[in-house]
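*Asks:* Below is the structure, and that's it, no one-letter string:
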C-alpha cells in the first residue's frame, strides 16, 4: 500500500498511545482448561501493542489476527511451529483493553488460557481501572476501512464498511432458544459506551451443549458463576440476566475483542449477524488481504510533552472480589 497521507482530515482526531500506569495481577480459572491461572497486566513502551506472555514458557505472542490459530468457542493465539506456545480465551481481556483505550500492554499468564472470571470483561476492566492509564509520547495511526469487506458462513455474516469518523458497531443474533430469540444492538464504540453497554455482558451457552463441550475437552472450568446457561425458555442462573439483551451485548463484546487484533484502532462500521470468533477473524484476514481495502490514517511520529500524563481512573463500579 502507499505511504501515510500527508494531511489529517478535519473530522479525525489523532489518538495518543496509552499504556497502564502500574502493573496489576489476579488469579482465576480458565473456562475451557479448568486450570488455575495467574494473570498480570503490565505497562509497555510505545509501539509495543498488546502482547501475551507465557511466563511458564518464556515466550511472547503478539495479539494480532494473523496469530489466531483456533476459534472453537474462543479465540486462541499461538506461534508458528510452537504448538505449546498458545493462549486461549483472549477476547474478553482484549475487549477490555480496546474498550478502555489501552494500546500498549503485556498480558502475562502462567498457563494456556486467560482466566474467565465472571464470563465478561468487567474484571479485566476493574484491573485496568485499578492500575490506571497513562498517555505516552506518540500518536497511533488508525486503520481506515476504504471499501466494504464481507465474509459469510451460511446465514451468518460479518462486514466492515467505510465510516471514517469513528468505529460504529451493529450486531444481530437469532437463536432457537426462547430465552434468547432474536436480539439486535447498535452503538458507537467509545470508552464510556464499552463500560456502560458491553463490559458486564457474560458469555452464554445452551444446557444441551455443556456435556458435548466437556466431552471435547472444553468448558472444563465452566459454571453458573462464569457463564449464562439457557435451557429453552429458562435461564438457569439463579440471579437471572444482568440486562434483558445480555446475549447480543456479549456477542458485540466478543467482536470488540476479536477486532482489536487488527493491531490499531479501526475507523469504519462493523455489521455482524450471527457471527462468532471464526468469522470475526476471517473478516480481519479479508480486510488486510487487499491493500485497496484499507489505509493508515496519519499519526505524528511524536508529541512534544514534558512528561507522560496520568489519566484519572473512572469510578470503579465492580467490587474487589470480582477479580478473585
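*Replies:* Perfect, thanks for sending it. Note that this is a predicted model, so its numbers are computed, not measured. Numbers count the residues shown, from 1 in each chain.

*Asks:* Okay, and the beta partners of the closest residue in space to residue 197 that isn't next to it in sequence?
*Replies:* In space, and not counting its chain neighbours, residue 197 is closest to residue 187: 5.7 Å by CB to CB, 6 or more residues apart in numbering. Using the backbone N, CA and C atoms, a C-beta is placed for each residue, glycine as well. Per DSSP bridges, the residues bridged to residue 187 are residue 169.

*Asks:* what about the helices in this structure?
*Replies:* For the chain, the helices defined by DSSP state H occupy 91-100, 122-131, 191-193, 207-215, 246-259, 277-288.

*Asks:* Please give me every residue in contact with the residue nearest to residue 197.
*Replies:* Contact analysis of residue 187 by CB atoms under 8 Å, 6 or more residues apart in numbering lists 168-169, 193, 197-198, 252.

*Asks:* And for residue 253?
*Replies:* Taking CB under 8 Å, 6+ apart, one finds 91-92, 95, 120-121, 198-199, 201 in contact with residue 253.

*Asks:* what's the answer for residue 131, then?
*Replies:* Neighbour list for residue 131: 20-24, 41 [criterion: CB under 8 Å, 6+ apart].

*Asks:* Over to residue 203?
*Replies:* Listed by CB under 8 Å, 6+ apart, the contact set of residue 203 reads 31, 92, 116, 119-120, 226-228, 250.

*Asks:* tell me the two of those residues that are most distant?
*Replies:* Taking CB to CB as the measure, the contacts of residue 203 span a maximum distance of 14.0 Å, between 92 and 228.

*Asks:* More neighbours: these two, which one.
*Replies:* Legend: neighbour count by other CB atoms under 10 Å for residue 92 and residue 228, higher for residue 92 (31 against 23).

*Asks:* coming back round to it: ok, so of the contacts of residue 187, who is nearest residue 158?
*Replies:* Nearest to residue 158, judged by CB to CB, of the contacts of residue 187 is residue 169 at 10.9 Å.

*Asks:* Tell me how many other residues surround the closest one.
*Replies:* A count of neighbours around residue 169, defined by other CB under 10 Å, yields 22.

*Asks:* pretty sure it contacts residue 184?
*Replies:* No. Taking contacts as CB atoms under 8 Å, residue 169 lies outside contact range of residue 184: 11.3 Å.
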